[in-house]
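Asks: A predicted structure for the sequence below; I have some questions about it.
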Amino acid sequence: MSGVTDLVHERRQLTGLAYRLLGSLSDAEDVVQEAYGRWYALSGPQRDAIASPGAWLTTVASRICLDQLGSARVRRERYVGEWIPEPLPGETGWISDPADRVTLDESITMAFLVVLDSMTPAERVAFVLHDVFGYPFAEVGDVLDRTSAACRQLATSARRRVRAARAPAPARGSAEVVRAFKLAWEAGDIEGLVGILDPEATVVADGGGLAGAIRRPIEGGERVARYAVDLTGRIPALTIEETTVNGRPGLTAWRDGAVVAVMAFEVTGASIRRIWAVRNPEKLRRWQAA
């Protein structure tokens, strides 16, 4: 590619790549901005000598993400409570690509992002670049400064993690299951919630020390059901609405005209296996205008 117009078009893919690597759209946008800054800091002859500006930007952005992933592990040790990737509202333009819709759609779900977060930085970069975006291992090696064979091993290890965590497809529509959960929750129907939740269901909340949230996961369908009903009892005037979270059916909780929680779900069979509830207001800024 050449020209400013082509480079602007690269921004969409770079943002999608960086979000999948970092789990934060705000951080992803900062990475892309820095990558473009480095491009325009080159002299004219230096830019002209680069055969593929898009590939150059991808390499630079990936290396910036790799550095951030290393430092993120240190920051997480100081994070208050559980850390959950930043949830995205609605149909974000770069969530999917018609050329590879199934792979890219799955790679943006909360369940998938949580698995990515369990990987080492090198595994995550190798897997996302190769398996999600289709970059050859030779180019992945340029980013990680490793051989193609080493990058292939990293991606293989990452694939094992994905396969181990991948849940069976829901027997009925995820939206129907999430809607049934919402109705039972609003009605304070513990028995109904237990019937919708997997017996080993887990809820994880992220308040980041800035909003009230459980510090550790709650496990077990009945415990999750009782927690949900108790929560609405303690928070008056809470309104629950159906929405799309990272391309999947989810829920938002509103109070006094603002989103105070975003919930993503993993549905298996006809029941809910996992719930991720984001309460950290810094991760909900985009939802206030969604």
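Replies: Sure thing, it's come through.

Asks: shaky segments in the stretch 151-290 of the chain?
Replies: By pLDDT under 70, the low-scoring segments of the stretch 151-290 of the chain are 169-172, 289-290.

Asks: Let me see the ranges of the helices in it.
Replies: With helices called from DSSP state H, counting those that start in this stretch, the stretch 151-290 of the chain shows them at 174-186, 190-196, 221-234.

Asks: among those, which is nearest residue 284?
Replies: Comparison of the helices of the stretch 151-290 of the chain against residue 284 by Cβ to Cβ identifies helix 221-234 as nearest, at 16.9 Å. Every C-beta, even on glycine, is put in place using the N, C-alpha and C of the backbone.

Asks: Now do that closest one against helix 174-186, angle only.
Replies: 60 degrees (axes from the mean of the first three to the mean of the last three Cα atoms, to 10 degrees).

Asks: And helix 221-234, how far out from the chain middle?
Replies: Centroid separation for helix 221-234 versus its chain: 25 Å, with Cα atoms, centre = their mean, to the nearest Å.

Asks: that older thread, could I get the helices of the stretch 151-290 of the chain as JSON lines with distance to residue 54 and mean neighbour count?
Replies: Below are the helices of the stretch 151-290 of the chain laid out as JSON lines (distance: least, Cβ to Cβ, whole Å; neighbours: other Cβ atoms under 10 Å):
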{"stretch": "helix 174-186", "distance to residue 54": "35", "mean neighbour count": "18"}
{"stretch": "helix 190-196", "distance to residue 54": "45", "mean neighbour count": "17"}
{"stretch": "helix 221-234", "distance to residue 54": "45", "mean neighbour count": "16"}
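
Asks: Regarding residue 15, what is its secondary structure?
Replies: helix (DSSP: H, G, I helix; E, B strand; the rest coil).

Asks: re the thing from before, turn the helices of the stretch 151-290 of the chain into JSON lines, columns for distance to residue 50.
Replies: Shown next, in JSON lines, are these (distance: least, Cβ to Cβ, whole Å):
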{"stretch": "helix 174-186", "distance to residue 50": "44"}
{"stretch": "helix 190-196", "distance to residue 50": "54"}
{"stretch": "helix 221-234", "distance to residue 50": "52"}
